[in-house]
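> could you look at this predicted model? Sequence included:
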Amino acid sequence: MAGKPVIKGTRISVELILELLSNGWTEEMILESYPKLSAEDVKAVFAYLRDCVQQELYFPLLQTT
């Protein structure tokens, strides 16, 4: 996945999960569409983000109009 972080044991990127959530998908919708994922996998995305913020491994969002 070109170095992008993925959910362990899958080729599903953290970025994809975040994109789906930002587009209004619910956790239930994600789990139905990606049956290899578990609720714990989705929670792991947020744990990963928390770790990135704590380590300042993030870039500020640019506001679009």
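Structure's in. What do you need? The model shown is predicted, which means the values in this text are computed figures rather than measured ones. Numbering: from 1, shown residues only.
> most centrally placed residue in this protein?
residue 14 (3.1 Å; C-alpha atoms, centre = their mean).
> can you pull the buried residues of stretch 28-42?
For stretch 28-42, a neighbour-count test (16 or more other C-beta atoms under 10 Å) marks 30, 34, 37, 41, 42 as buried. All C-beta atoms are positioned from the backbone trio N, CA, C, and that covers glycine.
> find the least confident helix or strand in the protein, judged by mean pLDDT.
One helix or strand of the chain scores below all others by mean pLDDT, DSSP states H and E: helix 39-54, with a mean of 91.
> how about it: buried residues?
41, 42, 44, 45, 48.
> dump the residues you listed to CSV, plus distance to residue 25.
As requested, these are exported to CSV (distance: C-beta to C-beta, whole Å):
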residue, distance to residue 25
41, 14
42, 10
44, 17
45, 12
48, 18
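> which among the residues you listed gets closest to residue 24?
Distance to residue 24, by C-beta to C-beta, is smallest for residue 42 among the buried residues of helix 39-54, at 15.0 Å.
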